[in-house]
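Asks: what follows is a predicted structure for the sequence shown.
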Amino acid sequence: PFLEIARESGQPVNTGEYEVTCSDGSVRTCELYATFLPENLIVTFNDITDRKRLEEDLTQIFSMSLDMICIADINTATFIKVNPAFTEILGYSEEALLEKPFLDFVHPADIAATRTVIERNLQSGAKVINFENRYRCRDGSYRWLSWVSHPNLEKGVTYAIARDITEWKQNEEALKKGKALLDATGRMARVGGWELDAETMEVTWTDETYRIHEVPLGQKPSLQESINFFNPEDRPKLEQAIQLALDHGEPYDMEVRFITAKGKHLWTRTKCEPIIVNGKVVSLKGTFQDITERKAAEAALRESEEKYRKLVEEINDVLYSTDKTGVLTYVSPSIKSVSGYEVSELIGRSFTEIIHPDDMPRIVKRFKEVLSDILEPLEYRLVTKSGEVRWIRTSSRPAFKDNLVTGVRGMLTDITESKRLQAQLQQSQKMEA
């Protein structure tokens, strides 16, 4: 029928996709086009091997990603397509997710913000990064999701990835409670105290406040000298807060940049509670805390989350495949950011060569289980090219050809930062105990 269509139309006709064996023995996938001229039949081969490989990679990412990936209509606010992670995390069938607007699944308290993002951002073509809301699961519980979404106005759709951050939110809340308890009992490291006499304007510091400022104990700074330690850009808002506290008894709690007497740049948190007697502010008392490490950790966490929340074409997860013996036959370029190795340095080597020795027995056992179609995610450590140890979560399944298992295909995700947060929470809980 293709030839008849080509003969009648006089136009090139796609007759299908074929595998072609080249002279060097390699196999390429080609589209074959047939064109009839008055006295000749012209057949054209279009090599689509790279396109097919890309399509397969994207399909793997979509189906195997631990994150939730979807395509949604930005005008009707409905899902067009969702990956298996949606059903696994939320508990609904794919049909249930596609049959009604996705706002029906959003927590009532988050609907207004979600609708605003759709109307102001997505429907105007603006990208959405790190938007958080809660989705209702089939069992009635809610999961916190963090979204990255890239709209395409021409098609009226958006391509989005959501990461389940429920555990991270719970850890964050637990850390906040632990921190508040330690603050209340004075056990928080690097926390000083201060007092300002509202009548004499005399400033008093605790020993820890002196140490944070890096000035000799007992030195008596004036109020202005104390303010001058803060970053010039932050001084106006601090001065305004102090004046409001003195004039109207308004407390404050702010995070401001700070420069010690020795020139060290810090992030600090300063809290103030006005002391009022007979309706008059008699003094200001507060705490002063060095939060530089926390700020650095928050910055590192934001950077890590931003990398993890890229859309499909920007995803940092690593795709890989091995033969039945564990020798790597393919690994995506993002492996370098995880392991430090170039792709060329890993192809042809056993994946076990970069596994932490203590995790080797579990990895070998799980590899054999995957070959037998026993599918369970696994967490383990790998050793990078520089010798650093990183935590990895992998999801894998057997690879087949002609109904025979030929090896393993999978995807691995760097979870080192998540492990660090868990350790931080455990440490905080120990300190509370």
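Replies: The structure has been received and is ready for your questions.
Asks: which element, helix or strand, includes Val282?
Replies: Assigned by DSSP states H and E, Val282 belongs to strand 280-290.
Asks: and the helix or strand just after that strand, what's its mean pLDDT?
Replies: For strand 280-290, the following helix or strand on the C-terminal side (DSSP H and E) is helix 292-308. For helix 292-308, the mean per-residue pLDDT is 75.
Asks: quick one: buried residues of the strand holding Val282?
Replies: For strand 280-290, a neighbour-count test (16 or more other C-beta atoms under 10 Å) marks Val281, Ser283, Leu284, Gly286, Thr287, Phe288, Gln289, Asp290 as buried. Where you see a C-beta, it was placed from the backbone N, CA and C, and this is true even at glycine.
Asks: closest to His265 out of those?
Replies: Asp290 (11.3 Å; C-beta to C-beta).
Asks: surely that closest one touches Lys264?
Replies: No. Judged on C-beta atoms under 8 Å, Asp290 makes no contact with Lys264 at a distance of 9.9 Å.
Asks: dump the buried residues of strand 280-290 to CSV, plus distance to Val370.
Replies: Formatted as CSV, the buried residues of strand 280-290 follow (distance: C-beta to C-beta, whole Å):
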residue, distance to Val370
Val281, 69
Ser283, 68
Leu284, 64
Gly286, 58
Thr287, 54
Phe288, 55
Gln289, 49
Asp290, 48
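Asks: between those, which is nearest Arg143?
Replies: Proximity of these to Arg143 (C-beta to C-beta) peaks at Gln289, which lies at 33.0 Å.
Asks: all the helices of this protein, residue numbers only.
Replies: Taking DSSP state H as the criterion, the chain carries its helices at 2-9, 49-64, 84-90, 94-98, 111-120, 166-184, 207-213, 223-227, 235-248, 292-308, 335-339, 343-346, 360-371, 416-432.
Asks: of all the ones you listed, which lies closest to Gly25?
Replies: Using C-beta to C-beta, the helices of the chain put helix 49-64 closest to Gly25, at 14.3 Å.
Asks: what's the mean pLDDT across that closest one?
Replies: For helix 49-64, mean pLDDT rounds to 68.
Asks: next one: stretch 129-146
Replies: pLDDT averaged over stretch 129-146 gives 95.
Asks: mind showing which ranges of the stretch 251-400 of the chain have poor pLDDT?
Replies: 304-315 (pLDDT under 70).
Asks: pLDDT score for the closest residue to Pro398 other than its chain neighbours?
Replies: Leaving aside its sequence neighbours, Pro398 sits nearest to Val405 (C-beta to C-beta, 6 or more residues apart in numbering; 4.8 Å). Note for Val405: predicted pLDDT of 90.
Asks: Asn75 against Gly156, yeah?
Replies: Yes. Using C-beta under 8 Å, Asn75 is in contact with Gly156, at 5.5 Å.
Asks: who has more neighbours out of the two?
Replies: Using other C-beta atoms under 10 Å, the more surrounded residue of Asn75 and Gly156 is Gly156, with 14 against 11.
Asks: out of the helices of the chain, flag the one nearest Cys22.
Replies: Set against Cys22 and scored by C-beta to C-beta, these come closest in helix 49-64, at 10.2 Å.
Asks: what sits opposite the residue nearest to Pro398 in the beta ladder?
Replies: According to DSSP bridges, the partner residues bridging Val405 are Phe400.
Asks: now swap in the one 5 residues further on and tell me
Replies: Bridge pairing for Gly410 (DSSP bridges) gives the partners Tyr320, Ser396.
Asks: list the contacts for it?
Replies: Met64, Leu319, Tyr320, Ser321, Val370, Thr394, Ser395, Ser396, Arg397 (C-beta atoms under 8 Å, 6 or more residues apart in numbering).
Asks: need the residues you listed in a markdown table with distance to Glu17, can you?
Replies: Conversion of the contacts of Gly410 to a markdown table gives the following (distance: C-beta to C-beta, whole Å):
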| residue | distance to Glu17 |
| --- | --- |
| Met64 | 24 |
| Leu319 | 23 |
| Tyr320 | 26 |
| Ser321 | 22 |
| Val370 | 30 |
| Thr394 | 32 |
| Ser395 | 29 |
| Ser396 | 28 |
| Arg397 | 25 |
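Asks: does His265 touch Ile259 like I think?
Replies: Yes. Between His265 and Ile259 a contact is recorded at 5.8 Å, counting by C-beta under 8 Å.
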